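Visitor: Fold the following.
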Amino acid sequence: MADNSMEFVAFFSNKQDVSAIEVDVRMNREHRLVLHHETLEKGQDYVTLEDVFAYIARENSPIRINCDLKEAGLEEAVYELADKYALWPQVELSGTVACSYLAKWSNQILMNIENGMDDALHGEHIGRWGENVLLEALSKLSRSQAKVININHQLFTDAVQERGKQLALEFSLWTVNDLPAIGNYEKENIYNITTKKAWTYIQQKGVQTG
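Guide: This next block holds a predicted model:
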């Protein structure tokens, strides 16, 4: 099933072993929040975030909704829409989230680690970020009241994990599609593991424990 589709939302919203779903959020020309990872194309129809929130509210699903903001300045619009459906406690923000929102929503923001880096580094490939850059970013985000750091799992080194412990930070790792790795991270009580293999992992886990 396709990411950012209502089929995806409906399928995972009632799965006991899935605690959160992630949707990519943008603003269309009509100033509606819609789901799409890439730049919006003129004339295309997209699932709206309101469709998602309305469905979750109607089904009384406890699922957390991680709204990965693909554009700047969407924080308040997502909050207002979630509040309309009494879902704000279930919503988390990641992606292009301004650090200024950490002061009031720190428990609901999965802050991308690059937000703790100099702007000059944002356009570089993540493989070029040295470990010292990552450790400095963790310290900066901790001072800004971040609680959960969103980071590519390939950058989650022992040193990064140790610095996180020292700073009382939790981690959200993306995108982990290796099934044994998912299991290892789950055993380490990682706060959030983003994967495209969630259903495969759940099925495999059921077979092993059944």
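Visitor: Name the nearest residue to residue 196, ignoring sequence neighbours.
Guide: Nearest non-adjacent residue to residue 196, counting by Cβ to Cβ, 6 or more residues apart in numbering: residue 177, 5.5 Å away. No exception for glycine: its C-beta is placed from N, CA and C like everyone else's.
Visitor: who touches the one you found in this structure?
Guide: Taking Cβ atoms under 8 Å, 6 or more residues apart in numbering, we find residue 177 in contact with 195, 196, 197.
Visitor: Can you tell me the SS state at it?
Guide: Under DSSP: H, G, I helix; E, B strand; the rest coil, the three-state class of residue 177 is coil.
Visitor: And the helix or strand hosting residue 184, what's buried?
Guide: Per DSSP states H and E, residue 184 falls inside helix 179-187. Within helix 179-187, the residues that qualify as buried are 181, 182, 183, 185, counting by 16 or more other Cβ atoms under 10 Å.
Visitor: Let me have those residues in a markdown table, extended by distance to residue 115 and pLDDT.
Guide: Formatted as a markdown table, these follow (distance: Cβ to Cβ, whole Å; pLDDT from 0 to 100):
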| residue | distance to residue 115 | pLDDT |
| --- | --- | --- |
| 181 | 25 | 98 |
| 182 | 25 | 97 |
| 183 | 29 | 96 |
| 185 | 22 | 98 |
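Visitor: Let's have these in TSV, adding distance to residue 154.
Guide: What follows is the buried residues of helix 179-187, written out as TSV (distance: Cβ to Cβ, whole Å):
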residue	distance to residue 154
181	10
182	14
183	17
185	12
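Visitor: nearest to residue 169, of those?
Guide: Using Cβ to Cβ, residue 185 comes nearest to residue 169 of the buried residues of helix 179-187, at 15.3 Å.
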